[in-house]
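S.K.: what's the 3D shape of this:
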Amino acid sequence: MNTLLLFFALPIATIILSIVLLKILRCPILVSATFFAIYLILTYSVFNTDFLIFAISYTILSYITALITKTICNVAEKINSCIDNRIPNLRNIRECICNNIEKENENRSNNTQARFTVTTNQTDPVLFLGNRNNICNRPNCCCKRR
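M.R.: Below is the predicted model:
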C-alpha cells in the first residue's frame, strides 16, 4: 500500500467528506457509521486485513471531525441569534429596507414612459427606444431568506 495514500490522501478526504455528510445527515454518529461501513468494505475488497486498523482510526477521525464541525455551527448560530437579540429592531430594519426596495421597484415598473435616444453622429440618424426603468440590479431582496 502506498504510505502517501494511507497517511495523507485518505485522512484529508475523510475530513472533507465528514463535513459534507454532517451538513446532510446532521448526526455525527451516522457520519462515522457511514465511513466505517465504507472502509470496512474497502478493507476486505481492495486492501488486506491490515487495513482494518486504518479503517477504525479513520472512523474515529470522521467522528471527531463531525463533532467539531457541529460545535462550530452551533456556536455560530448562537452568535447570530445573540446579535439579533441584542439589536431587537434589526429584523424590523431589514424588513423595512426590503419593503422600501420592493415598493421602489413596483413604482419603477408602473412607470410606462418610453425613453429614447437619437444618435446624430452618423449620416443616418438612429433612434433607440426602450422602457427599461428598473435600475436596481437585484430586484429580489435577500433579507427575507431567514
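S.K.: what's the closest non-adjacent residue to residue 29?
M.R.: residue 63 (7.3 Å; C-beta to C-beta, 6 or more residues apart in numbering). C-betas here are computed from N, CA, C, even on glycine.
S.K.: that neighbour contacts residue 28, correct?
M.R.: Yes - in this structure, residue 63 is within contact of residue 28 by C-beta atoms under 8 Å, at 5.8 Å.
S.K.: the more surrounded of those two?
M.R.: Neighbours per residue (other C-beta atoms under 10 Å) separate residue 63 from residue 28, with residue 28 holding more: 21 against 18.
S.K.: apart from its neighbours in sequence, what residue is nearest that one?
M.R.: Closest to residue 28 by C-beta to C-beta, 6+ apart is residue 66, at 3.6 Å.
S.K.: where's that neighbour relative to residue 50, distance?
M.R.: 26 Å (C-beta to C-beta, to the nearest Å).
S.K.: would you map the helices across this structure?
M.R.: 3-4, 10-25, 28-45, 51-86, 90-110 (DSSP state H).
S.K.: make TSV out of the ones you listed and add mean pLDDT.
M.R.: What follows is the helices of the chain, written out as TSV (pLDDT from 0 to 100):
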stretch	mean pLDDT
helix 3-4	90
helix 10-25	96
helix 28-45	95
helix 51-86	89
helix 90-110	58
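S.K.: may I see the buried residues of stretch 43-61?
M.R.: 43, 47, 51, 54, 55, 58, 59, 61 (16 or more other C-beta atoms under 10 Å).
S.K.: got a pLDDT number for the second one?
M.R.: According to the prediction, residue 47 has pLDDT 89.
S.K.: what comes into contact with stretch 35-47?
M.R.: With contacts defined as C-beta atoms under 8 Å, 6 or more residues apart in numbering, stretch 35-47 is touched by 1, 14, 17-18, 49, 51-52, 54-56, 58-59, 62.
S.K.: rerun at 10 Å
M.R.: Stretch 35-47 is contacted by residues 1, 5-6, 10, 14, 17-18, 21, 49-63, 65-66 when judged by C-beta atoms under 10 Å, 6 or more residues apart in numbering.
S.K.: please apply the same query to stretch 57-72.
M.R.: 6, 10-11, 13-23, 25-40, 42, 51.
S.K.: the same query, at a cut-off of 7 Å, please.
M.R.: Residues from elsewhere that reach stretch 57-72, judged by C-beta atoms under 7 Å, 6 or more residues apart in numbering: 10-11, 14-15, 18-19, 22, 28, 31-32, 35-36, 39.
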